[in-house]
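A.B. asks: One predicted model, sequence on top.
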Protein chains: 2
Amino acid sequence: MGDVQQLKSWEDRASSARARRDAGLAKVEPKLEGIPDVLPLSSQDLPKSILTSREIEITEKYSVTELLKILRERKISVEEVTRAFLRRAALAQVATNCLTELLWDEAITRAKHLDSLPEPKGAFFGLPISTKEHHGMIGDNVTTTASFITWVDKDHGSNLLYDILYNEGCVFFARTTQPQTIMHLETSSNVYGRTVNPYNRDLTPGGSSGGESALVGIRGSLLGVGGDIGGSVRCPSAHVGIYGFKPTAKRISVFGQRAPMAGKETILSTPGPMTVDRDALELFMKVAIAAEPWRIDPSLTAKEWKPYHFTKPLKIAVQWWDGVVQLHPPMRRALEEVVAACRKAGFEVVDWNCETLGHDEAWNIISGLYWPDGGEEVLGLMKETGEPVLPLTKFIIEEQPSVKNMTVHELWDLCARRDAYRARYAKAWTDTAANGEREVDVILCPPSFGAAAPHEQSRYWGYTSQWNLLDYPAVVFPVTTVDPTKDLQDPNYVPKNDQDRFVYEMYSPDKYINAPVSLQIVGRRQYDEKVLAALVEIERAMGRS
Amino acid sequence: MGDVQQLKSWEDRASSARARRDAGLAKVEPKLEGIPDVLPLSSQDLPKSILTSREIEITEKYSVTELLKILRERKISVEEVTRAFLRRAALAQVATNCLTELLWDEAITRAKHLDSLPEPKGAFFGLPISTKEHHGMIGDNVTTTASFITWVDKDHGSNLLYDILYNEGCVFFARTTQPQTIMHLETSSNVYGRTVNPYNRDLTPGGSSGGESALVGIRGSLLGVGGDIGGSVRCPSAHVGIYGFKPTAKRISVFGQRAPMAGKETILSTPGPMTVDRDALELFMKVAIAAEPWRIDPSLTAKEWKPYHFTKPLKIAVQWWDGVVQLHPPMRRALEEVVAACRKAGFEVVDWNCETLGHDEAWNIISGLYWPDGGEEVLGLMKETGEPVLPLTKFIIEEQPSVKNMTVHELWDLCARRDAYRARYAKAWTDTAANGEREVDVILCPPSFGAAAPHEQSRYWGYTSQWNLLDYPAVVFPVTTVDPTKDLQDPNYVPKNDQDRFVYEMYSPDKYINAPVSLQIVGRRQYDEKVLAALVEIERAMGRS
């Protein structure tokens, strides 16, 4: 970067990043034709009027595992698959503003290479995989902003996880947006603007992996990689009705990602898969761990992936609410429907009474631990270019009473509180087996107070961040969509506190047209395999295959 | 604690702690008779002139596993075993000053209870186990000083690990000394004074688990529990020729221990077994982990203990020195002898060239990470009573240029340096498998520059702390003793730096009469089982069973 670059305004720097993105999009061939002047509320019907029927077939007919099968059998070329997803991703960009980069040339070159191999090789042979921008990318001339204007055009490389996926034969083809600081449950930045929900553009696709969710939510990708430190895989997955998994931290690696606050270890983020296909979650984990990444990133847990199989009917604990913020009607209904199915399937169902477990205290702890320097470093990064501090950045840094620039002793005190809280929660779980009863297998709970929120309203993290504080593995899965005839607001509800009032007043059925509603399954720390096995059981109880 | 207590001088408070210890020792029955007025240099011959022949038989004839066998078969009563070890421990106290408390009444009551059970129960049924004081203890009226005068008479309880051992039927019978701040590689405090080496009272038993090593080193206990954050299990074990194992952190729990700096997570300590018997190491680990302690302490790694078995001859890398401080002649000889045995047994032996791996940089990092507050908290604890700051405390806090009271950003920087260092080292290990060669299984290395040092000379931690920074599992095992006829000082050696000169000048054979010399086996992080399996292979190569 020369001096000229340094002197650019933040707006100019943002334009240069978008120009780079647009240059990739301009390569799309054939061009996208027939895009309406005014985009519809839902983007779900756009593809079939703009893509070819063959592209629709390739991108809609198969699950991840089915697509991998025909790729491996060479019933379809990698290039044809790649081109179809490239064009669909380009359309997703038009519809939702989800991309930071379309890797047109790189992906097609890679696809041709894979097609030229004498034998298909690797667990992800030929599969297009999309990725969250700040993770980095394989290739020359990679730059990564991590949504900071000051990092526009900053050189970067790949990361350990993507190296593994690449070695398994995937095709990286699209990089996706995340919000400023990568710490909103929405997706808006000064670099790329706002990403919207592919089911309803007045709603957020969630965040921080909201570029991924918008893209996968319109099948512009069947499998993407997000990252989660407060809900950033699960919230966006839930908001678009796809599957998203946050494993226990340190099972898969963040090694090589670009993010601020390097060296912070109070709360750890983890990558996680986001996908249209339940089975792809476990495949992803299996492949990522089979590579023994701890030989490169020694901070990882050296433990093989060992699929779990239930031998008895599940015992699930249902979190009807978190003791702080009440659920919106559609989320409540989703929970009731799935619980009814679980009971019918013979599962043992008990309540998970959070009121005594202090989920508000958990938020006070984790929000402080996100920013032990009071946000000084990230606010400093924004100050470097004068880019505006967005409202949800202010919310998560400046409006949290717990956030301050700590002394080492204050930091230790907060970490000790965190550890005590974790121990208390572990005891509560272990105590479900008191009196000779069976221990609860998993908690079934909402991934949010409701469906995707209208923009700028994602100011309550508790339904996801709780499990980051505890470092419990958690998966989200689609259940239903908002139904205005069923999901009426209760006019008589009396909110219990300010947060509850804010959330209550946010809801009215008409705002949430088409919005997917998802649920979350949570396991004890490090019981990742069990969580995915429970998902299979619960979906079967719901009548899915 | 009333006001009177508060007003006591630090010397009075120390006296009260020692009076408590002496009250336990006064219960010993029959009294110890025949203790010489002037204690001999080595304490090793004392027991046979003071204990009964039956006590000698019980405490000397059996390995841990053999003793457990006859206890389980009820060929001997728990009470008889317990009384024998209580008396031998009392003698160890006279000889080495290793105890903070002899649990005479508690142990005998426990033993009688175990004898009264219709069936023996538990993996440690009837085995007397000794413990490091600051860990705490099962029972009523437990107090723990953690070697701080200000904590004399401070109430305490048990810890998760000891609860597990107790559930497995052990008898806790003796609590042992550790140094001021629990951060010397020797064992001296204002509470209990200095602990000496049972082979040579002019030498240290090492530290910080030096009470344990002195006790186990004279078979006043066959199995004890220490803790290690810089060498505190391995250094003392090495200095008295017993087995000591530092597992990867978070395989066994520190939950419930008393120590300063709660909430610090930059470098983690771990408990570890110290024992006369190699097989007891693996038994200890197996039992501690089989209890699934992560259900109580969720910070632990949830991973079963899976004994490792080599199917090919070992490939070992030999660390001939650490690139900073040269070995004393007996340590060099021990290494040469074991390497010769390994070669003879058909192992593949390569060099571990540390010069390029910056072990001095590792020390700079870890010494800073020990005290991110510049030592403020622990120095404050000492100031509360005015107890003197001992020289080795000054060494490890005030004389380390890396130690300072850090801002959060300085802390992150140092943690990032730590993580980068760990990644670099992991890569070096992985790279031993480059070019189609086999990867190194374990590193064989010294646990110190030499045998046990004369008092107050333990100012170089690099041979143990290196593996704490990396969090690699490491075991020490006895090899030989100093032989003045073989282990001559090299008069022509030119020290490479100040630390090297200090260590070089410390050595002359006459200072080290009788001193055991031990070696260390180190594995990759989390390959704990492999390290213990390698110990078996290497001892077999040495002609041991």
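C.D. replies: Here it is on my side, so go on.
A.B. asks: in chain A, which spans are strands?
C.D. replies: In chain A, the segments counted as strands under DSSP state E are A:99-102, A:128-132, A:171-176, A:188-189, A:193-194, A:223-228, A:243-246, A:270-275, A:315-318, A:348-351, A:442-445, A:474-481, A:516-522.
A.B. asks: Strand partners (parallel or antiparallel) of the fourth one?
C.D. replies: Same thing as strand A:188-189. strand A:193-194 (antiparallel) (DSSP bridges).
A.B. asks: now do the third one
C.D. replies: With DSSP bridges as the criterion, the sheet partners recorded for strand A:171-176 are strand A:99-102 (antiparallel), strand A:128-132 (parallel).
A.B. asks: before we move on, back to that, just name the most buried of the strands of chain A.
C.D. replies: With neighbours defined as mean count of other Cβ atoms under 10 Å in any protein chain shown, the strands of chain A peak in mean count at strand A:243-246, which reaches a mean of 31. The C-beta positions use only the backbone N, C-alpha and C, and glycine is treated the same way.
A.B. asks: How far does that one sit from its chain's centre?
C.D. replies: Relative to its chain's centre, strand A:243-246 lies at 7 Å (Cα atoms, centre = their mean, to the nearest Å).
A.B. asks: what sits up against it?
C.D. replies: A:213, A:226, A:228, A:233-234, A:236-238, A:270, A:272-278, A:280-281, A:284-285, A:467-468, A:473-478, A:531-532 (Cβ atoms under 8 Å, 6 or more residues apart in numbering or on different chains).
A.B. asks: Now for A:E212, how many residues are close by?
C.D. replies: 42 (other Cβ atoms under 10 Å in any protein chain shown).
A.B. asks: Can you name the residues that contact it?
C.D. replies: A:C98, A:S130, A:T131, A:K132, A:T176, A:S221, A:G224, A:V225, A:G226, A:P236, A:M274.
A.B. asks: Same question for A:E337.
C.D. replies: If you count contacts by Cβ under 8 Å, 6+ apart, A:E337 has them with A:V479, A:T480.
A.B. asks: and stretch A:308-328, what's its mean pLDDT?
C.D. replies: Stretch A:308-328 shows an average pLDDT of 98 in the prediction.
A.B. asks: a markdown table for the strands paired with strand A:171-176, including mean pLDDT and distance to A:K112?
C.D. replies: Formatted as a markdown table, the strands paired with strand A:171-176 follow (pLDDT from 0 to 100; distance: least, Cβ to Cβ, whole Å):
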| stretch | mean pLDDT | distance to A:K112 |
| --- | --- | --- |
| strand A:99-102 | 98 | 17 |
| strand A:128-132 | 98 | 14 |
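A.B. asks: Could you check the pLDDT of the residue most central in space within chain A?
C.D. replies: By Cα atoms, centre = their mean, the mean C-alpha position of chain A lies nearest to A:V233, the distance being 1.8 Å. A:V233 is assigned a predicted lDDT (pLDDT) of 98.
A.B. asks: tell me the phi and psi of it?
C.D. replies: Main-chain torsions, A:V233, degrees, to the nearest 10: phi -100, psi -40.
A.B. asks: So which bits of the stretch 251-400 of chain A are right by chain B?
C.D. replies: By the rule Cβ under 8 Å from any Cβ of the partner chain, the part of the stretch 251-400 of chain A lying against chain B is A:255, A:261-266, A:294-299, A:301-303, A:372-373, A:376-377.
A.B. asks: Repeat the analysis, applying 7 Å as the threshold.
C.D. replies: A:261-265, A:294-299, A:301-303, A:372-373, A:377 (Cβ under 7 Å from any Cβ of the partner chain).
A.B. asks: could you give the mean pLDDT of stretch A:420-430?
C.D. replies: Mean pLDDT, stretch A:420-430: 98.
A.B. asks: For that stretch, buried residues please.
C.D. replies: By neighbour count with 16 or more other Cβ atoms under 10 Å in any protein chain shown, stretch A:420-430 contains the buried residues A:Y421, A:R422, A:A423, A:Y425, A:A426, A:A428, A:W429, A:T430.
A.B. asks: what sits opposite A:I443 in the beta ladder?
C.D. replies: Going by DSSP bridges, A:I443 forms beta bridges with A:A317, A:V522.
A.B. asks: brain fart, A:L102
C.D. replies: With DSSP bridges as the rule, A:L102 is bridged to A:A174.
A.B. asks: ditto for A:V517
C.D. replies: A:T480.
A.B. asks: before we move on, what about A:G226?
C.D. replies: Per DSSP bridges, residues listed as beta-bridge partners of A:G226: A:G272.
A.B. asks: From what I see, A:A90 and A:L32 are in contact.
C.D. replies: Yes: using Cβ atoms under 7 Å, A:A90 is in contact with A:L32, at 6.0 Å.
A.B. asks: Please say which of those two ends up with more neighbours.
C.D. replies: Neighbour tally, A:A90 and A:L32, criterion other Cβ under 10 Å: the higher count belongs to A:A90, 24 against 16.
A.B. asks: From chain B, how far off is the more buried one?
C.D. replies: Separation of A:A90 from chain B (Cβ to the nearest Cβ, to the nearest Å): 37 Å.
A.B. asks: contacting residues for that residue?
C.D. replies: Going by Cβ atoms under 7 Å, 6 or more residues apart in numbering or on different chains, A:A90 touches A:L25, A:V28, A:L32, A:L102.
A.B. asks: next one: A:L283
C.D. replies: Counted by Cβ under 7 Å, 6+ apart, A:L283 has contacts A:T65, A:A123.
A.B. asks: And for A:V276, the neighbour number?
C.D. replies: By other Cβ under 10 Å, the residues close to A:V276 number 22.
A.B. asks: What does the pLDDT read for it?
C.D. replies: At A:V276, the model reports a pLDDT of 98.
A.B. asks: likewise the one 5 residues further on?
C.D. replies: Predicted confidence (pLDDT) at A:L281: the value is 98.
A.B. asks: Could you check what's spatially nearest to it, not counting adjacent residues?
C.D. replies: With sequence-adjacent residues excluded and distances taken as Cβ to Cβ, 6 or more residues apart in numbering or on different chains, A:L281 is closest to A:F245, at 4.7 Å.
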